[in-house]
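Participant: A structural model of the following input is requested.
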Amino acid sequence: MTKRRLCIFILFLMTLSLACTLPLSADTTRQPGDKTLPAAFSPTFTDSPSATVFLLTTIIPATSTMQPTDTLTPTNCPGCGEWLPLPAQGAPSGRAHPDLIWTGSEVLVWGGSDRQHTIIPNGELYNPATHSWRPINAQGVPELGGGAAVWTGTQLILWGAYRMGSTVALGGRYNPSTDSWQGISTINAPQGRWAAMPVWSGKEMIFWGGYQGGYYLGDGGRYDPGADTWLSISSIKAPSARCCAATAWTGREMIVWGGSDKQNTGLANGASYNPAEDTWQSISADGGPAGFDSFVSVWTGKELLVWGIVIGQKDYVGGRYNPVTDSWAPIASSGLNHFASYSAVWTGREMIVSGIYMGKYAIQNQAAGYDPAADRWRIFSTEGAPPARWESSSVWTGSDLIIWGGRDSSSETLFNDGASFRPSP
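Facilitator: Now for the predicted structure:
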């Protein structure tokens, strides 16, 4: 899974906020000025990578054991990609923090909030091959948004909603191939929540933590859409109560790292959860970043990458967590010391961060790519990029970064537009 501060958004609603999303797929070339967005090369990863955005408002100072590494200077790369606008006809209404899902052939835009921070229970589907939008069937649509959202490979699962000033335990499943909705069983279901960052295990939606009615939650749930059933998650050795954590599915376990607690403190700890055994194992914090004020994260198929600003520091830093060795390594930050991001995606080769800000409300329509193999950044051109924004969302299609929605720096304007960016190799 970006905006300004994830917790601020939910604090606007109930004193906190949300985040989100994921990707994948297939074709190659397009000519300059061509408004058609063909599919692309097959990505090199085998596990579905995920990207999540975390923007936390924190008040308790901390120090970091991880310092920025300045050995490599980022490359200004004006010719390293092309921006193209998305079509306006049939597009969704303006919104902040929408869920963006790549289905394999379409970008699903769902939910988000309006200027009054009220959930928008509708969405559209964008087809890059035809460069067109189509509406999502409104019949049977649950009023959902801000809770857990995952893509199973065939359907979008939503759980938890904000309604009339509180969170509710409701869910829904949307199948874009049939353009239809189904409900979700509430038997043995966990309580409704915001900012629970879920993963898809290949069989279940799994999440831990979240925020509900003034409380940070220290529990979770497992939902099996095939059986339409819920299972609880063991609390033995589990992470403390939190929302907005970085999460990733490794192929065997769910990683939960960081987030914010009831003191609105950025956390610098976590654990991994094995659903086959229903057990937790703590994650090493040695060499990792201290609690973030705001950050984004992606899963590469091998490592969890996190990037943001640590409480009590001015510069932005990042960390790479390897679950096989249970160890952290720093991310080079030279030349990007004051850059934070509102969204991030994993391309199979690099983490692309977009919607750059350089301090409170100082936003830019910038994007940059980080290659963990070289431990190096490249800064992309802004020519053709959409207007600067925060609380936007992004997704990777297998060839293109898609950005949609968000607010301007005053928060008065909600964007009902977006763009695609295709980076060069």
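
Participant: Check which helix or strand Gly308 maps to.
Facilitator: strand 304-310 (DSSP states H and E).

Participant: need the next SSE after that strand, C-terminal direction.
Facilitator: With elements assigned by DSSP H and E, the helix or strand that comes after strand 304-310 is strand 316-322.

Participant: Name the residues of that following strand that come out as buried.
Facilitator: By 16 or more other CB atoms under 10 Å, the buried positions in strand 316-322 come out as 316-321. C-beta here means a position set from N, CA and C on the backbone, and glycine is covered the same way.

Participant: now stretch 247-258
Facilitator: In stretch 247-258, residues buried by neighbour count (16+ other CB under 10 Å) are 247-250, 253-258.

Participant: for the protein, what are the low-confidence residue spans?
Facilitator: Within the chain, the ranges that satisfy pLDDT under 70 run 1-74, 142-146, 161-167, 311-312, 314-315, 334-342, 355-364.

Participant: Which parts of it are helices?
Facilitator: 6-13 (DSSP state H).

Participant: For stretch 408-417, what is the distance to the chain centroid?
Facilitator: Centroid separation for stretch 408-417 versus its chain: 19 Å, with CA atoms, centre = their mean, to the nearest Å.

Participant: One more: stretch 203-217?
Facilitator: Averaging C-alpha positions (CA atoms, centre = their mean) puts stretch 203-217 16 Å from its chain's average.

Participant: Can you get me the start-to-end distance on that stretch?
Facilitator: 24 Å (CA to CA, to the nearest Å).

Participant: Only the buried residues of that stretch, if you could.
Facilitator: Within stretch 203-217, judged by 16+ other CB under 10 Å, the buried ones are 204-212, 216-217.

Participant: Which two of those have the greatest separation?
Facilitator: Spatially, the most separated pair among these is Glu204 and Tyr216, at 23.1 Å (CB to CB).

Participant: any idea how far Leu170 lies from Trp159?
Facilitator: Distance, Leu170 to Trp159, using CB to CB, to the nearest Å: 8 Å.

Participant: ok, these two, which is more surrounded?
Facilitator: Trp159 (29 against 19; other CB atoms under 10 Å).

Participant: For the more buried one, name its beta-bridge partners.
Facilitator: Beta bridges link Trp159 to Gly171, judged by DSSP bridges.

Participant: I'd say Tyr211 and Ala195 touch.
Facilitator: Yes - with contact defined as CB atoms under 8 Å, Tyr211 counts as touching Ala195 (5.1 Å).

Participant: and the gap between Gly213 and Thr279?
Facilitator: According to CB to CB, Gly213 and Thr279 sit 29 Å apart.

Participant: Kindly report the same for Trp307.
Facilitator: 30 Å.

Participant: Looking at these two, which one has more neighbours?
Facilitator: Trp307 (27 against 16).

Participant: List the residues that contact that one.
Facilitator: 295-297, 316-318, 331, 341, 344, 351, 353, 370 (CB atoms under 8 Å, 6 or more residues apart in numbering).

Participant: go with 7 Å
Facilitator: Trp307 sits next to 295-296, 316, 318, 331, 341, 353 when contact means CB atoms under 7 Å, 6 or more residues apart in numbering.
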